[in-house]
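In: Turn this into a model:
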Amino acid sequence: MKKITFNKHYFFIFLLLFAAEILIAVYLKSGFIRHTFGDFLVVILMYCFVKSFIPIKPIYLAVGVLVFSFIVEFLQLFNTLKFLGLEQNSLANIILGNTFNLSDLVAYTLGTITILITDLKFFSKWNQ
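Out: Numbers count the residues shown, from 1 in each chain. Here you go, the predicted model:
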C-alpha cells in the first residue's frame, strides 16, 4: 500500500480548479462553460486532489477517476437522487448532478486524457 504524502504542487492545482468550479457554479447557470467545460475540469480536479496525498501511477489514477465519473453519470440516468429521496437536496444535486448527458461522458474522457498526458509529460518530476 502506498504511503500517504503531501504534494503541494498537485494540491495547488486542485485549489485553483476548485475555485474555478465554484465560480462556474455560482455565476454561470447555463452554456458550454457550465455544462461541458465544468465536467472537463472536474475530473482534473479529482485527479489532482488524489495526487496531492497518494503517490499513485498516473494511468491507474486516470482510469479510476474516469470510471468513478462514469458511475456518477450513469447514476443520474437511473434517477438515483429521486430513489434516495434527495432530489430536493441542493448539495446532492450539485455534487451528483441530476441529468444524464452523453456529452458529459465525452467531457470526462477528454479531461482524463488531458490530465494524464499533462502529468506524464510535464509533471513527472513532481512524482519523485
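In: could you give the mean pLDDT of stretch 118-128?
Out: In this model, stretch 118-128 has a mean pLDDT of 80.
In: same question, stretch 95-105
Out: Taken as a whole, stretch 95-105 has an average pLDDT of 87.
In: low pLDDT regions in the protein?
Out: Across the chain, the ranges flagged by pLDDT under 70 are 1-2, 127-128.
In: ranges for the strands of it?
Out: Secondary structure of the chain (DSSP state E): no strands located.
In: shouldn't Ser20 be in contact with Leu41?
Out: Actually, residue 20 is Ala. It isn't Ser. Yes: at 6.3 Å, Ala20 and Leu41 qualify as touching, with contact defined as Cβ atoms under 8 Å. All C-beta atoms are positioned from the backbone trio N, CA, C, and that covers glycine.
In: who's more crowded, the two?
Out: More neighbours surround Leu41 than the other of Ala20 and Leu41, with 21 against 17 (other Cβ atoms under 10 Å).
In: The closest residue to that one other than its chain neighbours: neighbour count?
Out: Once flanking residues are discounted, Leu41 sits nearest to Leu17: 5.6 Å by Cβ to Cβ, 6 or more residues apart in numbering. For Leu17, the neighbour count with other Cβ under 10 Å is 19.
In: wait, what's in contact with Leu17?
Out: Contacts for Leu17 (Cβ atoms under 8 Å, 6 or more residues apart in numbering) come out as Leu41, Val42, Ile44, Leu45, Cys48.
In: Out of those, who's the most crowded?
Out: Taking other Cβ under 10 Å as the neighbour criterion, Cys48 ranks highest of those with 25 neighbours.
In: Cool, thanks, signing off.
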